[in-house]
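*Asks:* need coordinates for the below:
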Amino acid sequence: MDDDAVVKATGTALSTIAAVLERAGIASGQEIANLIGMCGKIASEDGDDNEGTILATWSGMIADSISQTPN
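*Replies:* Predicted coordinates for the structure are as follows:
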């Protein structure tokens, strides 16, 4: 299995979950993207650059999907 495909597929799933949570009024998609981004920053600072990069990628995917979601 290709690692890039797994990262992309997981990011897509997280983007979908973020959209559902936003529509339900539980948390904004941007808040979820920010939280995942913060986790990535912490992981990188703790020395796990791979994990940090993956989390940053997911954060960006969520933020991008929110900006493309019609109101």
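*Asks:* contacting residues for the residue with the largest distance to the centre of the chain?
*Replies:* Here the chain reaches farthest from its C-alpha mean at Met1, the gap being 20.9 Å by C-alpha atoms, centre = their mean. Going by C-beta atoms under 8 Å, 6 or more residues apart in numbering, Met1 touches no other residue. Quick note: C-beta positions are derived from backbone N, CA and C, even for glycine.
*Asks:* roughly how far apart are it and Gln30?
*Replies:* Between Met1 and Gln30 the distance, using C-beta to C-beta, to the nearest Å, works out to 31 Å.
*Asks:* any idea how far the residue farthest from the centre of the chain is from Val7?
*Replies:* Taking C-beta to C-beta as the measure, Met1 and Val7 are separated by 11 Å.
*Asks:* which strands and helices sit next to the helix or strand that Ile42 is a member of?
*Replies:* Using DSSP states H and E, Ile42 maps to helix 29-45. Here helix 29-45 touches helix 3-23, helix 49-68, going by 3 or more C-beta pairs under 8 Å, 6 or more residues apart in numbering; DSSP states H and E.
*Asks:* could those helices be laid out in TSV, adding mean pLDDT, distance to Leu35 and mean neighbour count?
*Replies:* Putting the helices and strands packed on helix 29-45 into TSV (pLDDT from 0 to 100; distance: least, C-beta to C-beta, whole Å; neighbours: other C-beta atoms under 10 Å) gives the following:
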stretch	mean pLDDT	distance to Leu35	mean neighbour count
helix 3-23	95	10	14
helix 49-68	94	8	17
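*Asks:* I'm done for today, thanks for sticking with me.
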